[in-house]
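A.B. asks: Structure for this input, please:
(one chain, ligands or ions: 1)
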Amino acid sequence: MTIREHFQRLIKRVSYIVTAGALLVFILIEFRYPNLTKPRRLAIAFFSGLPLALLLWVFFRWRCKCPRCRADYGKMRRQQLGRFSQDRRMYWELWDACPNCGVRFDEPFSTSADGRSI
Ligand SMILES: [Zn+2]
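C.D. replies: Numbering: from 1, shown residues only. Below you'll find the model as predicted:
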């Protein structure tokens, strides 16, 4: 598996978890509070989804680092595009290699400098 494929798989898994989590929250609220108005149900869904979203954000920040030099891709992306950029491309679509150490995203994921995978 290449580094690019690793990150693509990671984001696919995160999107599955987010979709499943959102569905679960909506189903639970439907059964738990069937008599609430729609705006109230949406408000409850929003606030119960916040901790999950925060956890996912922390997880994603932790995992989206260069497997070789541990450079923070999120930070480098913000420096390049700006914090409020409308560009939705991911790191492996923006660059072909790590901007910090130059490891190519086509290289196998497990061959980091110290030989361990993350
Ligand atoms: Zn790197």
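A.B. asks: for the ion, what are the nearby residues on this structure?
C.D. replies: Residues of the chain lying near the ion by Cβ under 5 Å from the ion: 66, 68, 69, 71, 98, 100, 101. Using the backbone N, CA and C atoms, a C-beta is placed for each residue, glycine as well.
A.B. asks: among those, who's most crowded?
C.D. replies: Among the residues of the chain next to the ion, the one with the most neighbours (other Cβ atoms under 10 Å) is residue 66, at 23 neighbours.
A.B. asks: Please report the distance of that one from residue 92.
C.D. replies: Separation of residue 66 from residue 92 (Cβ to Cβ, to the nearest Å): 11 Å.
A.B. asks: what residue lies at the spatial centre of this structure?
C.D. replies: residue 60 (4.2 Å; Cα atoms, centre = their mean).
A.B. asks: show me what contacts that residue?
C.D. replies: 14, 74 (Cβ atoms under 8 Å, 6 or more residues apart in numbering).
A.B. asks: State the helix or strand in which it lies.
C.D. replies: helix 38-63 (DSSP states H and E).
A.B. asks: Tell me the helix or strand right after that helix.
C.D. replies: helix 73-81.
A.B. asks: Quick one: mean pLDDT over that following helix.
C.D. replies: Average pLDDT, helix 73-81: 88.
A.B. asks: now do stretch 40-48
C.D. replies: pLDDT averaged over stretch 40-48 gives 84.
A.B. asks: Dump that stretch to PDB, restricted to CA.
C.D. replies: Taking C-alpha atoms only, stretch 40-48 is exported to PDB below (Å, rounded to 0.1, in the frame of the first residue of the first chain):
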ATOM      1  CA  ARG A  40     -35.500  20.800  18.700                       C
ATOM      2  CA  ARG A  41     -34.600  17.400  17.400                       C
ATOM      3  CA  LEU A  42     -32.000  19.000  15.100                       C
ATOM      4  CA  ALA A  43     -30.600  21.000  18.000                       C
ATOM      5  CA  ILE A  44     -30.200  17.800  20.100                       C
ATOM      6  CA  ALA A  45     -28.600  16.000  17.200                       C
ATOM      7  CA  PHE A  46     -26.200  18.800  16.600                       C
ATOM      8  CA  PHE A  47     -25.100  19.000  20.300                       C
ATOM      9  CA  SER A  48     -24.800  15.200  20.700                       C
END
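A.B. asks: Right, I'll call it a day here.
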